[in-house]
Structures are given as structure tokens and as C-alpha cells.
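*Asks:* Sequence and computational prediction follow.
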Amino acid sequence: MSQEKVLKTLESLGFAHADAQIYVLLGRKGPQKARGIANFLKMPKQTLYSAIKNLQAKGIVTATLDHPAKFSAVPFERVLDVFVKAKLDEAQRMEQDKKNILIDWHSITLDEATEHSAKFTVLKGKNYIYPKLKQMVKEAKEQLSIIFPVPDLLQAERFGLLDDAFSHASKTKVKVRFLTEMSAENLKVIRHLIERKINAKSSFEARAPELGLKMSLRMLIKDGSEASFFINQETDQSNLDADELCLWTNSKTIANSFQTVFEDLWQNSTDIKRKIVEIETGKPTPKSLIIRDHQEVKRKYTELISQAEKEITIMTSSKGLDEVLGNTAQLKEKAQKGIFIKIMMPITKDNLKSALQLSEFCKVRHISTSHLNTTVIDRMHIFQFKNPSSNQKIPVESSLENTFYTNEAEYLEMTNSMLDSLWENSYAPSAITLEEITKPIIPLIAPVPDDEYSISKKDSPHQKNVIKVDEEPSILTENDILNRIINAKRKTAKNPLKCINVLYGSTASAVFHPPSSFNLPDMIIIAIHSNKKSTFGGGDSLQIHSWLETPKGHAYVPVAFVVDNPKSRDWAKAFFAGTPAGNNCQLIRKDELEIQVQGSTLFAGWTVPIRLFPTKYTLAPACLLFEGYGKLKTSAIKMEMPSGATLIMEGNGFDAFATFFHPASKYAGPGTDATIGRDIIITAHPAQSNKMSQTTT
């Protein structure tokens, strides 16, 4: 009788009958495998998996990462709290009956089982996301780390998340740290929503990132053990019912990865009160910090150069001239406006021509030793970059990572004095006696035009792959691609190894240069999400190409293919034949690989180690975030595999920023040469039967 009452209560809350049956069964019997649930309820598998997916999306049922997975029901009190907050009209009635319903519930359930396995849950819609975030807030015991841009700050206020956070912090010892951006435009909003909270009796700190960094991340981390991360980074505060996607996980390694990102931003941020005073007075407070992201370094460096009013001093190494040459147009424009520009560097036979070119619009002098790459703007702002060694050529992006910035008076005085002394004791290129120049000057590489395609450009890492890759603008339009995907009908292949296979979905790729401590080579990682209209149905996969020695020199070689759809594994073995990936196609469970796409943002995460080639390399559980930018490009890419198979990818995409989160090393760093294919159609043509039967070496 009590069980029937609970079932009716759940259905009145909006549960489907099958959803309610599964939840009650899990409450009665504890964690269960899918087969056990189906057998007990005599429920068709299709109905069962649809119901479980629905319950997981609402955060009501969780799954372990074991194989096969076990499903658990969250405590009934939490279910009530979620629906009380999500459906205000029903909340009053439920609150009155809550005690009686709990008595009925406890009369039919076992003691709550404790599940410690790591889980992923994707929450869809604000009415399910914010109750989950509020639940995390209320259960916090030590600390909460929150990042919300201003639009989301207003939305969190509407849902009562901030009130709950400050109320919980005032009653407990929980430390709340909050990051949001600050500007003159949102100053009043921040004052209203934050400053009044700071005065509350709670352990609360609020900061704003330095150097005008625009916040795009949205996350909440609880006690370093749980994390919620919004997958779609673009928000629309005008539509409270818009579909949002939020990834929740209790994986400590993933949560620690996000915590590392938070700590980096926190260290390079200013107290909110100081920031308010700085904006109101227009006088920046002294600061010193490390800027880790090369894109942010480039943006701030360019911004301050453009604001220079009197003088720019640049000291660089003979190998660090690329950074200066990459900014020639801006420096020349400032020189034409009367800004005094000084450049000091060791001048050699290899860079003499470039030094003389710079001398046409600024003062260039030779210094005999290579000091730390430094730029001082108006004697008020200092940037110091990494120096490549004399026999090392590193990408410009790498040289900009972890840049030191300061406007502290004491450091400014010391650095300006040193640079003044070096300038006085240096001399112009025309006065230098060099040995006879026998080595030809290396021609400068022309800048890449805005309309050039990333994969096809000459210096693209994708052109250094054992797979032949050609890219060109598509004769199709953006709408052509979209219409083909929308109107597509799934065609299964009787023999996938001999038939043409088609994939509809999204993809993203980037080059990652792991630190030497990782013991990993440089890699191209490709994440692919396919929808149900594809030949093999829906699924997620990863391709990993490593920088390895080959008979023709170093190249990126496919070394691993990871997939959660068993139907595509045999095909992949044949497709990648002739490469190490052909013998390393790994099938993992769907809850071990998650790829989510929202607009021009793609998130990929995996919770199991991935074997690479050679076998001494293993890629630990990690996450990737791709954020598209710039204009949309419609292109066609053709790939010719060593197996003889060919692949044609047509789609709409963007250049992208890529971030690699490596929890095992508590590392978060950028990728390079990143792209995201928002809407793609991949057509794979098989090789000749004799080639497809070949095995990899």
C-alpha cells in the first residue's frame, strides 16, 4: 500500500510510470545492473534505457563506471528538494506532505547504499541544473569554488543559488570563493549582488581576474570532490527556459582538474573591493602575476602597445625575433605617431637583414649577451617572456605561455635602470663588424591570410601526418550542409568493410604539446560525436596521432582509436590498417567517454587510461574543451589512409581555442592549431579488398 502511494506521488511530480517503477525498485533493492532491473520489472530494454536516461538527465539516478554499470537512486529527500525548487506551484503541497511521504518511503526501502564509484551525469535545462547546484552548495563541508560571468550571476540570483551559498557559509565553516569579471559597465550589478554579501558574517571572498580577462567558464566545485561544468559557454539570460547543458561528476580527478583551472585564475585575480575602487578612480593598483594562456598574453600585450604614449623598449634574444617581427605593423604605426621605440638583441648573420628592416622606423641596437626577453611600455608596464636556447626553436605560442607581468614600482625602477644601462653600452647594426656572411638569410614567412584554411596551410601540423590530408573551400554552402544532415536517413551497411559508410555529427581537433614531465610525445587529438543517422548509429570516439620517427622522418602517426560503439570497431581496424592504430582500436563503455556539443563549443572527457604506441606511452583520464571563434568556414577535407581507404569530410566549422585538462598532473594548458567542425558529414570509402585485409606492423 505504501509503495503504491509512493508511485502515485512520483507520477504526480511528473515521473513517467516506467521512471517511477525503476526509481522505487532501486530504492527498495539498492544499486542494480540494467539486466536485473529489466528482469525484475519485466520491462523491454528499449523502455528501460529510455527511462534510465531520462532519470539520469534529471539527476535522480546515477551510474557507476563499472562494467556493466550499476544504477543507484539518489535519496528521496533530494528528489523532493529538486522538484520543490523546480516546480513552485507544486512545492507548497509537497512540503506539507513531505514527512508522511518519507514515512511511506522508508517503510519500503533499504538503508541508503553508499556508492563511491566515479560517475558522469549530463543535466539539461535550468530547472534541473540549478537545483543540483544548490544541492552541492548545501552539502559542502569545506569549500566552494565558483566561476560565473555577470549574466549567469544574475541568473543564479534568480534561482536563489547565491542566497543559499552565503546562508550555508554563515552557518558553517565552509569557505566560499567566487570569481566574476569586472568592468565599468557591470559595476552597479556587482555592487548590488556581491558587496552586500561580503558584509555578511561568512567566510566569503570575491575576486575579479586581472588584465581584463573576459570570463567564459562557468563552474562550481564542491570540496574538491564534485564539479559541475556548463558545457555550452554562451548564455542568454533573457530566456530562463533555454536548454542549458551542465556536466556533473563526482570523479575526484576531474574535479581536481577543474580546481587547478580555478586556482590559476584565483592567483591572478584582484580582490573585488580593490577592483571596484580601481574602476571608480581610474587608477590601476600595482600588481604582479603570471599569465599562463598565450592568447591572453597576446591580447593584453597588443592592447598596452596600442595605448603607449611615449616609449616602448624591447629586449629579445637572437632566437626571439619572431615575436617582434609578428608585431611589426603595430610598432611601425606607433613610431609614425612619434612613439620612441628601442629594440635590443644579439645581432647575428642570420638576423642582420631583419634588424636593418626594423631600423627603418625604430632604434635597433646590438647587445652581446642574451638577457630575458622583456618589453617595457611607457616605463610603466613590464612583460617578461621565456627565452629559447640558442639551439632550440619553439613555437611562438609556447614562448608566450607563463609570461610574467608587473607594474610594481620597485620592479619597474630596477628594470628600467638595467635597460637604460644596456642601451647606453650597445651600438647600432651599421657599426657591427661581422664575420663574412656566407649563410643565406632565411626568408620571412608571410602572415596567413584571414581566409586561409587551418588544416591546408603550409605550416599546419596536419600536413606533417602520415595520412595525406587535403583541404579546400567547399562548393556547398552552410545551409547545404545543414539541410543534408537534417534530411538524412540512416542507411546500414550489410558489409561495412566493403560498403561506403557515412557519419553525421560534429568533430574537433587540436595539437597538444605536453610538458616533458608527462613522458608523452606531441599529439593531435581528434574528438568525434556521431548522431543516430550515421551508418553505425550514435556514438563518441577519439583518434590520437603521436609525433613519432618514421622511415621518412618524424610525422604524426595514428596510434590509437577509442570508441564507445562496438559496431564501428571492426571497421576502424580495417580503416586504420597500416598504422599502429589499426592494432589499437579500443572499445570502452559509453559512461567512460563523454563528448558534448553545444553551438561552437565541444567538450570531451574520458575516465579510463588510453593505451598509445609505443606501449610505454599511456594517456591518463583527461578532458578537452574546444571553443570556436571567428567566422564560420565551410570546407571539404579529403584524407587518404595507408590502408588505401579514403575519407571525405564536408562541414561547417571554426578555428578554435583548445584547453587540455590533465588531472593526473594537475595541469591545464592550451592546444594549438585547433578547429571545431560544428556540422559535419564524413563519407568513408573502403579500400580494395586486398588492402583492407592487411594487418598493421
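*Replies:* Received, thanks. Numbering: from 1, shown residues only.
*Asks:* From here on, just use CA atoms for contacts and neighbour counts.
*Replies:* Fine.
*Asks:* pull the longest strand from the chain.
*Replies:* As assigned by DSSP state E, the longest strand anywhere in the chain is strand 622-640.
*Asks:* quick one, what contacts Leu632?
*Replies:* Asn652, Gly653, Phe654 (C-alpha atoms under 8 Å, 6 or more residues apart in numbering).
*Asks:* Can you tell me how far the last one is from Lys631?
*Replies:* Read that as Phe654. Distance, Phe654 to Lys631, using C-alpha to C-alpha, to the nearest Å: 7 Å.
*Asks:* More neighbours: which of those two?
*Replies:* Taking other C-alpha atoms under 10 Å, Phe654 and Lys631 do not tie; Phe654 has more neighbours (23 against 11).
*Asks:* That one is in contact with Asp673, isn't it?
*Replies:* No: assessed by C-alpha atoms under 8 Å, Phe654 is found out of contact with Asp673, at 11.2 Å.
*Asks:* Pass me the low-pLDDT residue ranges in the stretch 401-550 of the chain, would you?
*Replies:* 425-454 (pLDDT under 70).
*Asks:* Given the very next helix or strand once past the longest strand of the chain, what are its sheet partners and their directions?
*Replies:* Downstream of strand 622-640, the first helix or strand assigned by DSSP states H and E is strand 646-662. Strand pairing for strand 646-662, determined by DSSP bridges: strand 622-640 (antiparallel), strand 667-670 (antiparallel), strand 672-685 (antiparallel).
*Asks:* buried stuff in strand 646-662?
*Replies:* 646-662 (16 or more other C-alpha atoms under 10 Å).
*Asks:* same question, stretch 4-15
*Replies:* Val6, Leu7, Leu10, Glu11, Leu13, Phe15.
*Asks:* Hmm, Ala20 and the third one touching each other?
*Replies:* Yes: counting by C-alpha under 8 Å, Leu10 does reach Ala20; the two are 6.0 Å apart.
*Asks:* For His576, which residues are in contact?
*Replies:* Just to correct that, residue 576 is Phe rather than His. So Phe576 contacts Pro558, Gly582, Met641, Pro642, Ser643 (C-alpha under 8 Å, 6+ apart).
*Asks:* Count the neighbours of Phe518 for me.
*Replies:* 16.
*Asks:* Also Met414?
*Replies:* Using other C-alpha under 10 Å, Met414 has 10 other residues around it.
*Asks:* what comes up buried for the helix or strand harbouring it?
*Replies:* For Met414, the element it lies in under DSSP H and E is helix 409-424. Buried positions in helix 409-424, judged by neighbour count with 16+ other C-alpha under 10 Å: Leu412, Thr415, Asn416, Leu419, Leu422, Trp423.
*Asks:* Same question for stretch 489-499.
*Replies:* For stretch 489-499, using 16+ other C-alpha under 10 Å, the buried residues are Arg490, Thr492, Pro496, Leu497.
*Asks:* do the same with stretch 593-606
*Replies:* 593-598, 600-606.
*Asks:* circling back: can you give me how far the helix holding Met414 is from the chain middle?
*Replies:* 39 Å (C-alpha atoms, centre = their mean, to the nearest Å).
*Asks:* immediately after it, which helix or strand?
*Replies:* strand 468-473.
*Asks:* Note down every partner strand of that next one and its orientation.
*Replies:* Strand 468-473 is paired, per DSSP bridges, with strand 622-640 (antiparallel).
*Asks:* then the strand it pairs with to CSV, C-alphas only?
*Replies:* The C-alpha coordinates for strand 622-640 follow below in CSV (Å, rounded to 0.1, in the frame of the first residue of the first chain):
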residue,chain,number,x,y,z
ALA,A,622,41.6,13.9,-19.1
CYS,A,623,39.3,16.5,-20.6
LEU,A,624,39.4,18.7,-23.6
LEU,A,625,37.5,21.9,-24.2
PHE,A,626,37.2,23.5,-27.7
GLU,A,627,35.7,27.0,-28.1
GLY,A,628,35.1,28.1,-31.7
TYR,A,629,35.8,31.7,-32.7
GLY,A,630,36.0,33.9,-35.8
LYS,A,631,33.9,33.5,-39.0
LEU,A,632,32.3,30.2,-40.0
LYS,A,633,34.0,28.3,-42.7
THR,A,634,32.5,25.7,-45.0
SER,A,635,35.2,23.3,-46.4
ALA,A,636,35.8,19.9,-47.7
ILE,A,637,38.7,17.7,-46.5
LYS,A,638,40.0,14.6,-48.2
MET,A,639,42.1,12.0,-46.3
GLU,A,640,44.0,9.1,-47.9
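*Asks:* same question for stretch 270-286, mean pLDDT?
*Replies:* What stretch 270-286 shows for mean pLDDT is 75.
*Asks:* So which bits of that stretch are buried?
*Replies:* Thr270, Ile272, Lys275, Ile276.
*Asks:* I figured Trp266 was touching Leu179, is that so?
*Replies:* Yes: Trp266 lies in contact with Leu179 (C-alpha under 8 Å); the separation is 7.3 Å.
*Asks:* hey, what's in contact with both of those two?
*Replies:* Arg207, Pro209.
*Asks:* between those two, which one's more packed in?
*Replies:* Leu179 (25 against 21).
*Asks:* Could I get the full set of helices for the stretch 451-600 of the chain?
*Replies:* 478-486, 569-575 (DSSP state H, counting those that start in this stretch).
*Asks:* Then the stretch 301-450 of the chain?
*Replies:* Using DSSP H, counting those that start in this stretch, helices in the stretch 301-450 of the chain cover 321-325, 328-336, 352-358, 396-400, 409-424.
*Asks:* Specify the stretch among those helices that is closest to Arg299.
*Replies:* helix 396-400 (11.0 Å; C-alpha to C-alpha).
*Asks:* Report the rounded mean pLDDT for that closest one.
*Replies:* 63.
*Asks:* that older thread, any idea which of the buried residues of stretch 270-286 is closest to Glu157?
*Replies:* Of those, the one sitting nearest to Glu157 (C-alpha to C-alpha) turns out to be Ile272, at 18.0 Å.
*Asks:* out of the helices of the stretch 451-600 of the chain, nearest to Asp223?
*Replies:* helix 569-575 (38.8 Å).
*Asks:* Quick check: next helix or strand after the helix or strand where Leu123 lies?
*Replies:* Per DSSP H and E, Leu123 falls inside strand 120-124. Next helix or strand after strand 120-124 toward the C-terminus (DSSP H and E): helix 126-139.
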